[in-house]
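Novice: sequence below, structure please.
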Amino acid sequence: MPSISRPLDELRNWFGLISLLVGSRHASAARLYKLISTKNVLSDKTLFLNLGYWQNARDYDEACFALARIVAEVGDMNSDDLVLDAGFGFAEQDLFWTRTFRPVRIVGLNISKLQVEIAAQRVRQAGCTDRVQLINGSATEMPIADRSVTKVVALESAFHFDTRERFFREAYRVLKPGGRIVLADLLYLPRVGAPSFKKRVLNNLWRSAWQIPGSNVDTVEGYAEKLRSARFIDVQVRSIRDCVLLPFRCYVRTWLNTPNLADQMSRPMQILWRTASSGMAPGGPLDYVIASASRP
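Specialist: Numbering: from 1, shown residues only. The predicted model follows:
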């Protein structure tokens, strides 16, 4: 009954958007990704949900694959690895890593039951169930044994975790000695000075759109210090915002201004993507980093 289901879906999306922007932050990331689902992603080829690395990319999918590749290469992912992927989305990167870097096993952890169900089906269809295991659970309370993995990766998910410090401590716990953590992460920067009322409203909308807990507002230096406080060594945090934020913003605006593409997405999600991308302009409150560290 498409004539009934489409309006109902649209109504659910409107309620979802309102609850996202003004509701409680409890389980907020799960609420965000339930709203996005598979119908509101920004590609008609893959189910990637990251912002992408655009330096040499010709389109969104290439940019997303490039960012996933950077995370794997910074972590030296290889055929001896047991990988924990915290916040795996629809498992697009896990399938890519399995094909390209061939770790022994990837265990994915995700707070969204919907994403776990959809991703598990995709893993079965790809014939990778012996290499990829997906679990519904929290990255700040991992159902993972101590010292059981060699790599912990979080591809654009740690900014949701309440808090990053708890996630870092959990990552340290589950890593084997010599293991590494690698993150591609969005930073919401501390405000400088006293912003105007309009700026405060916009800042709150941006943070709500991205579902970033207040405790995760950070600078690059503060981010590195939190990793060191969790007892990691060899900490490196570098900004790659120029290759991520502005080109992604341009891509989103082009997508939303192209009728046959925008029509694939619900109106509430169009509003959410416009709101979320508006803070990526030069001088905006967002930064983007690649971070890595080792467990001694």
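
Novice: okay, buried residues for the longest strand along the chain please.
Specialist: The residue-count maximum for a strand in the chain (DSSP state E) belongs to strand 175-188. Buried residues in strand 175-188, counted by 16 or more other CB atoms under 10 Å: 175, 179-188. Yep, even glycine has a C-beta here, placed from its N, CA and C like the rest.

Novice: ok now that strand, how far from the chain's centre?
Specialist: 13 Å (CA atoms, centre = their mean, to the nearest Å).

Novice: ditto for stretch 215-235
Specialist: Averaging C-alpha positions (CA atoms, centre = their mean) puts stretch 215-235 18 Å from its chain's average.

Novice: give the buried residues for it.
Specialist: For stretch 215-235, by 16+ other CB under 10 Å, it's 216-218, 220, 223-224, 226-227, 230, 232, 235.

Novice: out of those, list just those in strands.
Specialist: Per DSSP E, the subset of the buried residues of stretch 215-235 in strands is Val235.

Novice: TSV for the buried residues of stretch 215-235, including pLDDT?
Specialist: Shown next, in TSV, are those (pLDDT from 0 to 100):
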residue	pLDDT
Asn216	92
Val217	91
Asp218	94
Val220	96
Tyr223	98
Ala224	98
Lys226	98
Leu227	98
Ala230	98
Phe232	98
Val235	98
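
Novice: could you identify the most distant pair in the buried residues of stretch 215-235?
Specialist: Val217 and Phe232 (20.6 Å; CB to CB).

Novice: Gly178 versus the closest residue to Pro143 other than its chain neighbours, what's the distance?
Specialist: Closest residue to Pro143 apart from its sequence neighbours, by CB to CB, 6 or more residues apart in numbering: Gly137 at 4.9 Å. With distances taken as CB to CB, to the nearest Å, Gly137 is found 25 Å from Gly178.

Novice: what segments of the stretch 101-250 of the chain are strands?
Specialist: 105-110, 132-136, 149-155, 175-188, 233-239 (DSSP state E, counting those that start in this stretch).

Novice: ok, which of these comes nearest Met265?
Specialist: The nearest among the strands of the stretch 101-250 of the chain, by CB to CB, is strand 175-188 at 20.9 Å.

Novice: check which helices and strands that closest one sits against.
Specialist: Judged by 3 or more CB pairs under 8 Å, 6 or more residues apart in numbering; DSSP states H and E, the packing partners of strand 175-188 are helix 60-74, strand 149-155, helix 164-174, helix 197-210, helix 220-229, strand 286-294.

Novice: columns distance to Ala120 on top of these, output as TSV?
Specialist: Shown next, in TSV, are these (distance: least, CB to CB, whole Å):
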stretch	distance to Ala120
helix 60-74	19
strand 149-155	18
helix 164-174	21
helix 197-210	26
helix 220-229	31
strand 286-294	28
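
Novice: now, of these, which is deepest in the fold?
Specialist: Most buried of the helices and strands packed on strand 175-188 by mean neighbour count (mean count of other CB atoms under 10 Å) is strand 149-155; its value is a mean of 26.

Novice: elements contacting that strand?
Specialist: Partner elements for strand 149-155 (3+ CB pairs under 8 Å, 6+ apart): helix 60-74, strand 82-86, helix 164-174, strand 175-188.

Novice: can I get those in CSV including distance to Ser239 and mean pLDDT?
Specialist: Below are those laid out as CSV (distance: least, CB to CB, whole Å; pLDDT from 0 to 100):
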stretch, distance to Ser239, mean pLDDT
helix 60-74, 13, 97
strand 82-86, 21, 98
helix 164-174, 16, 98
strand 175-188, 8, 97
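
Novice: quick one: which of those is nearest Ala291?
Specialist: The nearest among these, by CB to CB, is strand 175-188 at 4.5 Å.

Novice: with only the CA atoms kept, save the closest one in PDB.
Specialist: Extracted C-alpha coordinates of strand 175-188, given in PDB (Å, rounded to 0.1, in the frame of the first residue of the first chain):
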ATOM      1  CA  LEU A 175      43.200  -4.400  23.600                       C
ATOM      2  CA  LYS A 176      46.100  -6.800  23.800                       C
ATOM      3  CA  PRO A 177      49.500  -5.300  24.800                       C
ATOM      4  CA  GLY A 178      50.900  -3.700  21.700                       C
ATOM      5  CA  GLY A 179      47.500  -3.300  20.200                       C
ATOM      6  CA  ARG A 180      46.300   0.000  18.600                       C
ATOM      7  CA  ILE A 181      43.300   2.200  18.600                       C
ATOM      8  CA  VAL A 182      42.500   4.300  15.500                       C
ATOM      9  CA  LEU A 183      39.700   6.800  15.100                       C
ATOM     10  CA  ALA A 184      38.300   9.000  12.400                       C
ATOM     11  CA  ASP A 185      36.300  11.400  14.500                       C
ATOM     12  CA  LEU A 186      34.300  14.600  14.400                       C
ATOM     13  CA  LEU A 187      35.200  17.300  16.900                       C
ATOM     14  CA  TYR A 188      32.800  19.900  18.200                       C
END
